[in-house]
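Engineer: Okay, predicted coordinates and the sequence, questions at the end:
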Amino acid sequence: QKEVEQDPGPLSVPEGAIVSLNCTYSNSAFQYFMWYRQYSRKGPELLMYTYSSGNKEDGRFTAQVDKSSKYISLFIRDSQPSDSATYLCAMSGGANAGKSTFGDGTTLTVKP
Amino acid sequence: GAVVSQHPSWVICKSGTSVKIECRSLDFQATTMFWYRQFPKQSLMLMATSNEGSKATYEQGVEKDKFLINHASLTLSTLTVTSAHPEDSSFYICSVWTSGTQYFGPGTRLLVL
């Protein structure tokens, strides 16, 4: 079993929809939780970063971490065609401090 | 956040040749840099951890004699793919770690013919 599980999708939504992306993990030592957006043929771009549990909001993006359930989410409100990309969750901590463990990524398409 | 650059952004080479990829941390002194490889429609796979002034640490299954890493300064790490073969064709991405998170370079696309 992988340390980080992420549904690869693909996920297709109409413009303006609320998108929910999720990851589960098994390593309870993880403390840092990140979401990256990766466009085709580009390096990952950091979207959101959360330490420990809780919510964090940045514009149309909200990240949630539930350490008790080992479950993290990224919500995108009012989705735009420009949000079409692959979204990667990543986490680190404990013995993995200093390097991240990644999910496989979810491919999102927002249709105009 | 940290700004990371890579050069070249893409390279095509013949089988058997060596290719060097540079990773620079532009606004941050990085004692550690990470090298990842990403095949199409797959996630990032950590290849090695580059340590300034000492030997790199390679992940299991990564040949250290094939993927040479040099971290000569706090702002530059290089990855050399030696005797490249078509199966080495991939997207190579470096990153730095700071303040609890990782920042990635734009990646280098390698095509070995």
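Structural biologist: Everything's here; your move.

Engineer: Next one: the spatially most central residue of chain B from residue B:28, what distance?
Structural biologist: Centrality entry for chain B: nearest residue to the mean C-alpha point is residue B:35, 3.8 Å, by Cα atoms, centre = their mean. With distances taken as Cβ to Cβ, to the nearest Å, residue B:35 is found 17 Å from residue B:28. C-beta: built from backbone N, CA, C; applies to glycine.

Engineer: Over to residue A:102?
Structural biologist: Distance of residue A:102 to residue B:28, computed by Cβ to Cβ: 21 Å.

Engineer: Name all residues that make contact with residue A:84.
Structural biologist: A:108-110 (Cβ atoms under 8 Å, 6 or more residues apart in numbering or on different chains).

Engineer: which residues does residue A:33 contact?
Structural biologist: Shown in contact with residue A:33 (Cβ under 8 Å, 6+ apart): A:49-51, A:63, A:65, A:72, A:89-91.

Engineer: Can you check which strand is longest in chain B?
Structural biologist: Taking DSSP state E as the criterion, chain B has its longest strand at strand B:90-98.

Engineer: pLDDT on that one, on average?
Structural biologist: On average, the pLDDT along strand B:90-98 is 91.

Engineer: For burial, what's the neighbour tally of residue B:62?
Structural biologist: When neighbours are defined as other Cβ atoms under 10 Å in any protein chain shown, residue B:62 has 16 of them.
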